[in-house]
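> kindly generate the corresponding structure for this input.
(one chain, ligands or ions: 1)
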Amino acid sequence: MNILDELKWRGAINQETDHEGLNKLVDQKSVGIYVGIDPTGDSMHIGHLIPFMILKRFQLAGHHPVIVIGGGTGAIGDPSGKKSERVLQTMDQVKHNQKALTGQMEKLFGQDGKFEIVNNYDWLSKLSLLEFLRDYGKLFNVNTMLNKEIVASRLEVGISYTEFTYQILQSIDFLHLYRHHDVQVQLGGADQWGNITSGTDLIHKVEGADAKVYGLTIPLLLKADGTKFGKSEGGNVWLDPEKTTPYEFYQFWINQDDRDVIRYLKYFTFLNQSQIAELAKKVETQPEKREAQRRLAEEVTEFVHGKQAVEQAEHISAALFSGDVSELTTAEIEQGFKNMPTVEVSAAPLDIVQWLVDATKIEPSRRQAREDIKNGAIRINGQKVQDVDFVIDPAAKFDGKFVIARRGKKHYYLARVK
Ligand SMILES: N[C@@H](Cc1ccc(O)cc1)C(=O)O
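Here you go, the predicted model:
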């Protein structure tokens, strides 16, 4: 099975400019292949991860990945998939984001052999207006540009000349990489088809119709319920651990639907056909065990955050599930309780009923509090407390920083000690 067959099996091919040609090429030699990303934010999210996971597969199959950070194109803004004009970023923002993304790419591609990261600001910023118009503009037909889906879909709302020009810039990138970095293939999301084919057309015009260049896009990933993949309640799922903690990241994957999990294993992990077939069987025969989801969460979290992050995430999950949170470190608590109800409490020891009712409002009344305590429904710092006269001492655990309460099986509260 070559890389294209593998991608097909993974459901990761949407459109190809020339399947036969590309198929021959990948069998013959190590191919230079690129994906670009514009620095519109200071972190990738898991939607961005899709084309880069595929690029990674090419790297693992012995091909040569080139990552373009769009310091130049990001200063303009790709109209693809946008319903209205973008607000320009300041150049400082672009530079800041560009640095952050470069760091993330180095982590993703660093462990497995060669790769290149280039910034299109380096060549796009050197083009003079006259050069741009004479050397490139002349090769683009306005009718063709208008007919590209990206532009056509925006004609009613309007599109600025700046964004209209974007496809030319991305095409210049492809040509530049073809000439100077031995790149022959561009890969991107389904919405990049117009920009990618605009690039192959340009190369064919200037380098000759027989120039071997190819474009490849990946289908838009949808959830079984028809909604967009990649959002959690908190919005985007980021690769930056400051924005989405590795525990939240792990949770995102483990919570996927049975109907989606196998497709995601194919997209986001390096497990092979027989490993995934086995997990698919488990989903059918023992869905309640959620083995496929666990494997998905482990694999993707390890790829993005490393082995230790997986261990931590599993440690936190197990503690929250069993209720015994007493062994968690304060760092694990920060991660695991980021989205749990949080209150502030004073450092003074307090009688449990008062603490639950007055200090934290976890319980609505004294009567209810006493009843829950007696029934064994209350845990403090992981230990069941059934004595209504118990005194909570915030200094007792977690470096005096937190008290963790659980009411019933699921309701956790984090009390931060002032
Ligand atoms: N236009 C691409 C990013 C990109 C930038 C430069 C390129 O050469 C290629 C791709 C996107 O918005 O996703």
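> my read: Leu414 touches Val345, true?
No - between Leu414 and Val345 there is no contact under CB atoms under 8 Å: 10.1 Å. (C-beta placed from N, C-alpha, C; glycine too.)
> these two - which one has more neighbours?
Per other CB atoms under 10 Å, whichever of Leu414 and Val345 has more neighbours is Leu414, with 22 against 18.
> other SSEs contacting the host helix or strand of the more buried one?
Using DSSP states H and E, Leu414 sits within strand 411-417. Strand 411-417 sits against strand 342-345, strand 402-407, with contacts defined as 3 or more CB pairs under 8 Å, 6 or more residues apart in numbering; DSSP states H and E.
> most tightly surrounded among those strands?
Across these, averaging neighbours per residue (mean count of other CB atoms under 10 Å) puts strand 402-407 on top, at a mean of 23.
> elements contacting that strand?
For strand 402-407, the packing partners by 3+ CB pairs under 8 Å, 6+ apart come out as helix 330-336, strand 378-380, strand 411-417.
> pull the residues that contact the strand holding Leu414.
Here strand 411-417 makes contact (CB atoms under 8 Å, 6 or more residues apart in numbering) with 320, 333, 337, 340-347, 359-360, 362, 394-395, 400-407.
> which residues touch the residue nearest the centre of the chain?
The centroid of the chain falls nearest to Ile46 when counting by CA atoms, centre = their mean (1.3 Å). Contacts for Ile46 (CB under 8 Å, 6+ apart) come out as Gly230, Asn236, Val237, Trp238, Leu239, Phe252, Phe268.
> adding pLDDT and secondary structure, write those residues out as JSON lines.
Shown next, in JSON lines, are these (pLDDT from 0 to 100; DSSP: H, G, I helix; E, B strand; the rest coil):
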{"residue": "Gly230", "pLDDT": "83", "secondary structure": "coil"}
{"residue": "Asn236", "pLDDT": "91", "secondary structure": "strand"}
{"residue": "Val237", "pLDDT": "94", "secondary structure": "coil"}
{"residue": "Trp238", "pLDDT": "94", "secondary structure": "strand"}
{"residue": "Leu239", "pLDDT": "96", "secondary structure": "coil"}
{"residue": "Phe252", "pLDDT": "94", "secondary structure": "helix"}
{"residue": "Phe268", "pLDDT": "96", "secondary structure": "helix"}
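> of those residues, which are in range of the ligand?
The subset of these lying close to the ligand, counting by CB under 6 Å from any ligand atom, is empty.
> now neighbour count too, for those residues, in JSON lines please.
Converted to JSON lines, the contacts of Ile46 look like this (neighbours: other CB atoms under 10 Å):
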{"residue": "Gly230", "neighbour count": "17"}
{"residue": "Asn236", "neighbour count": "17"}
{"residue": "Val237", "neighbour count": "20"}
{"residue": "Trp238", "neighbour count": "22"}
{"residue": "Leu239", "neighbour count": "22"}
{"residue": "Phe252", "neighbour count": "21"}
{"residue": "Phe268", "neighbour count": "20"}
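> which pLDDT value goes with the residue lying closest to Ala211 once chain neighbours are set aside?
Once flanking residues are discounted, Ala211 sits nearest to Ile203: 5.3 Å by CB to CB, 6 or more residues apart in numbering. Among the per-residue scores, Ile203 shows a pLDDT of 98.
> next, the residue of the stretch 301-418 of the chain found nearest the ligand: secondary structure please.
Closest to the ligand within the stretch 301-418 of the chain is Val304: 19.4 Å, counting by CB to the nearest ligand atom. Of the three states, Val304 takes helix under DSSP: H, G, I helix; E, B strand; the rest coil.
> from the ligand, how far out is the residue lying closest to it once chain neighbours are set aside?
The shortest distance from Val304 to any non-neighbouring residue, by CB to CB, 6+ apart, is to Leu239 (5.7 Å). Distance of Leu239 to the ligand, given as CB to the nearest ligand atom, to the nearest Å: 16 Å.
> what do you get for Glu116?
For Glu116, the distance to the ligand - CB to the nearest ligand atom - is 13 Å.
> and if you look at Gly110?
Here Gly110 is placed at a distance of 21 Å from the ligand (CB to the nearest ligand atom).
> got phi/psi on that residue?
The phi/psi pair for Gly110 (degrees, to the nearest 10) reads phi -70, psi -30.
> again with Pro79
phi -70, psi -10.
> tell me the SS of the residue of the chain found nearest the ligand?
With CB to the nearest ligand atom as the measure, Gly36 is the residue of the chain nearest to the ligand, at 2.2 Å. The three-state assignment at Gly36 reads strand, by three-state DSSP.
> against which helices or strands is the host helix or strand of Arg370 packed?
In this assignment (DSSP H and E), Arg370 forms part of helix 366-374. With contacts taken as 3+ CB pairs under 8 Å, 6+ apart, helix 366-374 sits against helix 352-354.
> thank you, goodbye.
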